[in-house]
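**Q** Build me a model:
(chains A and B)
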Amino acid sequence: MDSTHSNPMSLCSQADSQRTLYPYVTGTSVIGVKYKDGILMAADMGGSYGSTLRYKSVERMKPIGKHSLLGASGEISDFQEILRYLDELILYDNMWDDGNSLGPKEVHSYLTRVMYNRRNKFNPLWNSLVLGGVKNGQKYLGTVSMIGVHFEDNHVATGFGNHLARPILRDEWHEDLSFEDGVKLLEKCMRVLLYRDRSAVNKLQIAKITEEGVTISQPYSLKTFWGFSAFQNPTVGAEGSW
Amino acid sequence: MDLNAPHTMGTTIIGVTYNGGVVLGADSRTSTGMYVANRASDKITQLTDNVYICRSGSAADSQIVSDYVRYFLHQHTIQLGQPATVKVAANLVRLVSYNNKNMLETGLIVGGWDKYEGGKIYAIPLGGTIIEQPFAVGGSGSTYLYGFFDQAWKEGMTKDEAEQLVVKAVSLAIARDGASGGVIRTVIINSEGVTRNFYPGDSLPLWHEELPPQNSLLEVLHSSSPEPMNM
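**A** You can find the predicted model right below:
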């Protein structure tokens, strides 16, 4: 990772300290919930470039090893770098060839250390991560932010999902959700995000992880509702308002 | 979420002339920072019976400018004894925008029909320049439409062709501009009067990488798999 000798791919001398100032291509909210058989996670496939919806088929959820699923919001290039780090981590884990494998709790812990250490050097990986998984029947769902804030819970979200999805989840999540109910709950949250988050894109995936393994759905779009009578002529009687 | 960020209508607004009148179009998204404060706004506002204005930029600034101009035009119509012309309406908008240029942040498109000049479109961008054009685009979404209009705009379109062009254009801008979205509203103005139309988000054409909407993933999963080929 970070070392005393400079990165050969960097084109300027590293005498001046490097720091990330702002992201370029970003993904928006990720939501995760625990359900009966494991974890369900949802994220749309948008990669925004400022206010432009530039890339619309970005996969923001990836399986990690046998037991984990990682979803990321924020800078996509940093997410891709994190996947490289995790690749190496899993590779070394497999090379032990000892029958043991890193579970979601361990991967979450590793990610926390990575994110926090980068934050301490004022050069963060500009992501908010959701890490979910099942190992030996134990379900795990946690989150790490770009400054290293981390915790686990029955339902987590990043970005706008914190403000728009979590209130819905607090109300409607319960222990032992069925797959169908979990999907419908996530879709309810994703639809609200589609209405109210400027960087949301109408193309999403829902991923599930159980003891058996990871399944990430094919991309699909949600129907939206615009049929309220109030939407037809909102400014009748109040010309110039909105 | 920065709830103290000013309400801006990121927006895509369009005005197009055709042989007989004008078609004005706009999206319906108003944002406060990254939050969509209103997903069904009406950005096409009436100034007189025959002149309407498309608003973009700061929601507050565009509303107050159109409120002042509506007030002035009302008095002007009484004094003149007949409907105001589109040119007069547009120039009043210009005067307010120009004389307050240091304080305002709003781009406007004025469109309408009068008996002297027929259908006319006037663009009044930031700073208060006035420019009469056969068609105009404005708002943050307009950046995605310059190439499109260079290719697709034609002189002498019919009313339906013009409206379809406007709806297609706003729909394309919505697909790429995060600050535009929601429904598409159009207003058609000609000698016969004014027609308002409403195109909800789910009725718009799909563009590159966009997929047909579904009720739920559960329906996608349960839909029958394709029939095997019979040789």
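
**Q** so what's residue A:128 bridging to?
**A** When assigned by DSSP bridges, residue A:128 has beta-bridge partners residue A:73.

**Q** okay, now the residue in chain A that chain B sits nearest to: neighbour count?
**A** Closest to chain B within chain A is residue A:226: 3.5 Å, counting by CB to the nearest CB. (Glycine included, C-beta is placed from N, CA and C.) For residue A:226, the tally of surrounding residues (other CB atoms under 10 Å in any protein chain shown) stands at 18.

**Q** out of everything not next to it in sequence, what's closest to it?
**A** The spatial neighbour of residue A:226 that comes closest, neighbours along the chain excluded (CB to CB, 6 or more residues apart in numbering or on different chains), is residue B:200 at 3.5 Å.

**Q** What are the boundaries of the helices in chain A?
**A** Secondary structure of chain A, counting by DSSP state H: helices at A:76-96, A:104-120, A:160-172, A:179-196.

**Q** Check which helix or strand residue B:218 maps to.
**A** Using DSSP states H and E, residue B:218 sits within helix B:217-222.

**Q** how about that helix, does it get close to chain A?
**A** Yes. Against chain A, helix B:217-222 shows contacts by CB under 8 Å from any CB of the partner chain at B:217, B:218, B:220, B:221.

**Q** Run through the residues that contact the third one.
**A** With contacts defined as CB atoms under 8 Å, 6 or more residues apart in numbering or on different chains, residue B:220 is in contact with A:217, A:218, A:220, B:214.

**Q** Can you pull up the most central residue in chain B?
**A** residue B:26 (2.4 Å; CA atoms, centre = their mean).

**Q** Name the spans of chain A whose pLDDT lies under the cut-off.
**A** Across chain A, the ranges flagged by pLDDT under 70 are A:1-6, A:12-18.

**Q** and the gap between residue B:199 and chain A?
**A** 9 Å (CB to the nearest CB, to the nearest Å).

**Q** ok, now which ones touch the closest residue to that residue other than its chain neighbours?
**A** Once flanking residues are discounted, residue B:199 sits nearest to residue B:184: 4.2 Å by CB to CB, 6+ apart. Residue B:184 is in contact with B:25, B:26, B:27, B:28, B:167, B:170, B:171, B:174, B:198, B:199, B:204, counting by CB under 8 Å, 6+ apart.

**Q** What confidence value was assigned to the closest residue to chain A within chain B?
**A** Sorted by distance to chain A under CB to the nearest CB, the residues of chain B start with residue B:200, at 3.5 Å. Per-residue pLDDT puts residue B:200 at 94.

**Q** I'd say it and residue B:181 touch.
**A** No. Taking CB atoms under 8 Å as the definition, residue B:200 is not a contact partner of residue B:181, at 11.8 Å.

**Q** Same drill for the two, tell me which one is more crowded.
**A** Set residue B:200 next to residue B:181 and count neighbours by other CB under 10 Å: residue B:181 wins out with 29 against 17.

**Q** ok, the nearest residue to that one once chain neighbours are set aside - contacts?
**A** Distance criterion CB to CB, 6+ apart; nearest residue to residue B:181, sequence neighbours excluded, is residue B:29 at 4.1 Å. Each residue near residue B:29 by CB under 8 Å, 6+ apart is listed here: A:198, B:9, B:10, B:11, B:36, B:38, B:39, B:41, B:179, B:180, B:181, B:182.

**Q** Kindly state the pLDDT recorded for the fourth one?
**A** The per-residue pLDDT reported for residue B:11 equals 92.

**Q** Look through chain B and tell me its longest helix.
**A** Max-length helix for chain B by DSSP H is helix B:59-80.

**Q** ok, now which ones touch residue B:11?
**A** Residues near residue B:11 by CB under 8 Å, 6+ apart: B:26-27, B:29, B:43, B:55-57, B:138-141, B:179-180.

**Q** which SSE is it in?
**A** Per DSSP H and E, there is no helix or strand for residue B:11.

**Q** related to what we said a few turns ago, same list as before, the contacts of residue B:29 that is, but in TSV and with distance to residue A:230 included.
**A** Output for the contacts of residue B:29, formatted as TSV (distance: CB to CB, whole Å):
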residue	distance to residue A:230
A:198	22
B:9	18
B:10	22
B:11	21
B:36	16
B:38	11
B:39	11
B:41	12
B:179	23
B:180	21
B:181	18
B:182	13
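
**Q** Just give me the closest of the residues you listed to residue A:30.
**A** Closest to residue A:30 out of the contacts of residue B:29 is residue A:198 (16.8 Å), distances taken as CB to CB.

**Q** quick one: contacts for the nearest residue to that closest one once chain neighbours are set aside?
**A** Residue nearest to residue A:198 in three dimensions, not counting chain neighbours: residue B:178, with 4.5 Å by CB to CB, 6+ apart. Contact analysis of residue B:178 by CB under 8 Å, 6+ apart lists A:48, A:51, A:52, A:53, A:198, A:199, B:10.

**Q** Please tell me how far residue B:178 sits from residue B:153.
**A** Remark: distance between residue B:178 and residue B:153 (CB to CB, to the nearest Å) = 25 Å.

**Q** got it, and residue A:124?
**A** Distance from residue A:124 to residue B:153, by CB to CB: 46 Å.

**Q** For the two, indicate the residue with more neighbours.
**A** Using other CB under 10 Å as the criterion, residue A:124 and residue B:153 rank with residue A:124 on top: 22 against 14.

**Q** Please verify my assumption that the more buried one contacts residue A:116.
**A** No. The pair residue A:124 and residue A:116 fails to qualify as a contact (CB under 8 Å) at a distance of 9.3 Å.

**Q** so what sits against both of the two?
**A** In contact with both residue A:124 and residue A:116: residue A:147, using CB under 8 Å, 6+ apart.

**Q** Show me what the strand or helix carrying residue B:174 is packed against.
**A** Residue B:174 belongs to helix B:159-176 when assigned by DSSP H and E. With contacts defined as 3 or more CB pairs under 8 Å, 6 or more residues apart in numbering or on different chains; DSSP states H and E, helix B:159-176 has these neighbours: strand A:52-55, strand B:13-18, strand B:21-26, helix B:146-152, strand B:184-190.

**Q** I'd like to check the angle between that helix and strand B:184-190, please.
**A** Using axes from the mean of the first three to the mean of the last three CA atoms, to 10 degrees, the inter-axis angle of helix B:159-176 relative to strand B:184-190 is 150 degrees.
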